[in-house]
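In: Quick one, fold the following:
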Amino acid sequence: MGIFIMKAGLIFISLFLSSNYCYAVSSTSQSVSFSSTSDMLPVLYASSNNISPTIFIKNEIHGNDSIVSFGLEVPLKKSHSNFGAYVTSALGYAEVTDKTNHQNNFLTLDTGLKFGYFSDISIYGEVGIDLFDTFLNGEVFDSEKDDDEYDYHNTKSHDSDVDGYIGVGIGIDLKPIKVEAFTRIRQIDSHAWEAKEHIFSGIQVSISL
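Out: Numbering: from 1, shown residues only. Reported below is the predicted structural model:
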């Protein structure tokens with residue numbers, strides 16, 4: 001499932017890049033004129049302050065645990081400032097080991113906020129929650145567990161906290177592609193189990209729309 005999400009994201013990004021390339025080639029046949037240097041400034045300024053929404057694919061890991069996601073970022077920052085924020089939302093597939101060393105497989109819908117300095121080099125903090133866990137009241141579905149295992153875990157049941165994360169990251173904007181490295185501290189549990197590890201690190205590749 002995780003490989004499928006990653007492949008789908010890469011195919012989508014490839015198609016988007018191809019369409020943009022074709023548009024760029026066709027645009028070269030059209031002439032663009034400026035009456036003065038000042039007419040060029042808004043164009044140059046806009047290109048140096050990239051505030052477009054982006055689509056992205058990312059993978060974060062800790063040992064054998066992984067979370068593969070595909071999603072969208074929408075900017076809240078203003079064009080005249082490199083400081084600002086992005087609202088992010090990503091559908092993901094997680095493989096997470098619990099404290100009994102059983103690996104749980106489930107879907108995530110991480111939604112949160114990035115805030116910091118965004119330019120050719122970006123440095124940011126981020127915070128968010130898993131909306132699937134919130135809507136399902138902590139019930140994370142695992143297709144691999146059988147009834148006996150559920151009975152065992154139910155004897156160890158506990159109150160489920162809202163799954164979420166807090167993290168930091170750094171990125172480089174290669175226009176139109178942006179690459180980021182990040183580390184997150186995650187809260188992951190359900191009524192039946194709790195994640196063994198909580199620190200995940202990963203790479204995100206995004207492209208401006």
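In: use CA for all of it now, contacts and neighbours both
Out: Fine.
In: moving C-terminal of the lowest-mean-pLDDT helix or strand in the chain, what's the next helix or strand?
Out: Across the helices and strands of the chain, mean confidence by mean pLDDT, DSSP states H and E is lowest for helix 37-48: a mean of 38. Per DSSP states H and E, the first helix or strand lying C-terminal to helix 37-48 is strand 54-62.
In: buried residues in that next one?
Out: For strand 54-62, a neighbour-count test (16 or more other C-alpha atoms under 10 Å) marks Thr54, Ile55, Phe56, Ile57, Lys58, Asn59, Glu60, Ile61 as buried.
In: For the last one, report the pLDDT, please.
Out: In other words, Ile61. Per-residue confidence (pLDDT) for Ile61: 98.
In: Ramachandran angles for Asp163?
Out: Dihedral pair for Asp163: phi -70, psi 130, per degrees, to the nearest 10.
In: I'd assumed Ile188 was in contact with it.
Out: Yes. If you go by C-alpha atoms under 8 Å, Asp163 and Ile188 touch, sitting 5.1 Å apart.
In: Phe194 bridge partners, please.
Out: Residue 194: Glu, not Phe. Beta-bridge pairing for Glu194 (DSSP bridges): Asp189.
In: So in terms of bridging, what pairs with the closest residue to Thr88 other than its chain neighbours?
Out: Take Thr88 and drop its neighbours on the chain: the residue closest to it by C-alpha to C-alpha, 6 or more residues apart in numbering is Glu73, 4.4 Å away. Counting by DSSP bridges, Glu73 forms beta bridges with Thr54, Thr88.
In: so Glu73 sits right up against Ala85, yeah?
Out: No. Using C-alpha under 8 Å, Glu73 is not in contact with Ala85, being 9.8 Å away.
In: I am finished for the moment; much appreciated.
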